[in-house]
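Chemist: sharing a model prediction with you, sequence too.
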Amino acid sequence: MLKAKITGTGSYVPDKLLTNKDLVRIVDTSEEWILERTGIRERHIAAKDQTTSDLAVEAARQALKAAGVKAKDLDLIIVGTCTPDMFLPSTACMVQLKLNAKNAAAFDLNAACSGFLYGLSVASGYMSSGAFKKILVIGAETLSRFTDWQDRSTCILFGDGAGAVVLEATTGSNALLYTHIKSDAEYWDYIQIPGGAAKEPATRAVVDKRLTKIRMKGNETFKVAVKTLENLVVETLEKCDLKPSQLSLLIPHQANLRIIQATAKRLGLPMDKVMLNLERYGNTSAASIPIALDESVRTGRVREGDYILLEAFGAGLTWASALVKW
Ligand code: ACO
């Protein structure tokens, strides 16, 4: 059976930096609180004229170059995002246009922070069915556009960015070995942007009430995230018949250092086997895992034959994992 192999990675973050010190001037918080409670020091913010597809295209170009694949040879483009350029057309179609990937199908996938891994899971299905041979999966977000800059409990968390991978069909064993996706909408209201869409169209009143911005029950989300991810990583390794000691690297969604530490502890994994970059980027939602993967590849933390576990948790609630043999 054909499997999906990651043959190229890329990432991009906008130039503008927003540090914890900058945030102290905006909301009632402190640099120490943010760092201690989240692990974040700074995040990148898109320029006024940059949209999610712009960030996505920068990451995609790097991934295509690394893979040695031409945009015109792509069969499919999936963009995991919850902050699209527009409702219509999809951000993936804008990426297709900007890359001139004439021969691809393109669609967005919204699973919030789990979006990139949901994308990998969908792509791996298309590969094993034989439908597509070259797929670009991107996670890209401009969360800053949907951040409530008056809400200190959320505005400290998010950053903008994009990461991308090129997947190619292979009969070899160095490939995406396993993906798992799951949702539990019982907790749909833990993380939401309630207004600006069909339920609450963007009237002046809706905008004034800041209903077009992200709202999160942070502490409740934190508790479900820890419990869910602890089980998820154990179950993923069991499914793949692997012991934690066989893992070379855990690449978690970069939402909160304390959540990541709890997940690593459950596996008995030392923190030097965990990829961390949320200190520099904050929570970039669907972009966080492909950015971290690209950095791991480019800094030589990933070598041929390594087993890498990816895991994410986000609004929906949604969660997902993937096991890659590099
Ligand atoms: N500065 C100072 N104090 C603050 C700040 C701040 N920026 N934000 C909140 N506080 C205060 C609160 O008001 C509260 O004060 P009180 O005790 O007087 O009421 C106190 O700090 C504790 O607040 P909590 O919300 O309980 O803080 P917690 O330790 O849970 O940390 C955080 C908050 C960082 C949001 C954490 O809950 C978290 O990371 N949650 C999970 C986020 C996540 O994983 N989301 C999923 C992905 S997001 C997506 O899908 C788009």
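Modeler: Thanks, I have it.
Chemist: and G8, helix, strand or coil?
Modeler: Reducing the assignment at G8 to three states with DSSP: H, G, I helix; E, B strand; the rest coil gives strand.
Chemist: what's around it, how many residues?
Modeler: The burial metric for G8, expressed as a neighbour count using other C-beta atoms under 10 Å, is 21. Every residue, glycine included, has its C-beta placed from N, CA and C.
Chemist: you'd agree it is up against K70?
Modeler: No. G8 is not in contact with K70 according to C-beta atoms under 8 Å; the separation is 11.7 Å.
Chemist: give me the common contacts of these two.
Modeler: With contacts taken as C-beta atoms under 8 Å, 6 or more residues apart in numbering, G8 and K70 have L64 as neighbours in common.
Chemist: now do the contacts for D75.
Modeler: Going by C-beta under 8 Å, 6+ apart, the list of residues near D75 reads 103-105, 126, 131-135.
Chemist: if I look at it, how far off is T318?
Modeler: Computed with C-beta to C-beta, to the nearest Å, the distance linking D75 and T318 is 25 Å.
Chemist: the helices in the protein, which residues?
Modeler: Taking DSSP state H as the criterion, the chain contains helices spanning 20-24, 31-38, 52-67, 91-99, 115-129, 204-208, 218-239, 257-267, 278-281, 288-298.
Chemist: and those: which comes nearest the ligand?
Modeler: Ranking these by their distance to the ligand (criterion: C-beta to the nearest ligand atom) puts helix 218-239 first, at 2.9 Å.
Chemist: and the closest one, does that touch the ligand?
Modeler: Yes. In this structure, helix 218-239 sits against the ligand according to C-beta under 6 Å from any ligand atom; the contacting residues are 218-219, 221-222, 225.
Chemist: repeat that for stretch 303-311.
Modeler: No. Using C-beta under 6 Å from any ligand atom, no contact is recorded between stretch 303-311 and the ligand, whose separation bottoms out at 11.9 Å.
Chemist: buried ones in that stretch?
Modeler: By neighbour count on 16 or more other C-beta atoms under 10 Å, the buried set for stretch 303-311 is 306-311.
Chemist: from those, which is closest to the ligand?
Modeler: Proximity of the buried residues of stretch 303-311 to the ligand was ranked by C-beta to the nearest ligand atom; the top entry is E311 with 11.9 Å.
Chemist: bridged to the closest one, which residues?
Modeler: Beta-bridge pairing of E311, defined through DSSP bridges, involves P252, S321.
Chemist: contact partners for it?
Modeler: With C-beta under 8 Å, 6+ apart as the criterion, the residues that contact E311 are 117, 229, 232-233, 236, 250-253, 263, 319-322.
Chemist: export the residues you listed to TSV and tack on distance to R61, neighbour count and pLDDT?
Modeler: Written out in TSV, the entries for the contacts of E311 read as follows (distance: C-beta to C-beta, whole Å; neighbours: other C-beta atoms under 10 Å; pLDDT from 0 to 100):
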residue	distance to R61	neighbour count	pLDDT
L117	22	30	98
L229	32	24	96
L232	32	22	97
V233	32	23	96
T236	31	21	98
L250	28	21	98
I251	22	26	98
P252	26	27	98
H253	24	32	98
T263	32	26	95
W319	30	26	98
A320	26	28	98
S321	28	27	98
A322	23	25	98
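Chemist: give me the contact list for stretch 86-102.
Modeler: By C-beta under 8 Å, 6+ apart, the list of residues contacting stretch 86-102 reads 51-54, 56-57, 60-61, 64, 71-72, 74, 77-79, 81, 84-85, 104, 106-108, 136, 138, 140, 197.
Chemist: what are the buried residues along it?
Modeler: 90-96, 98-99, 101.
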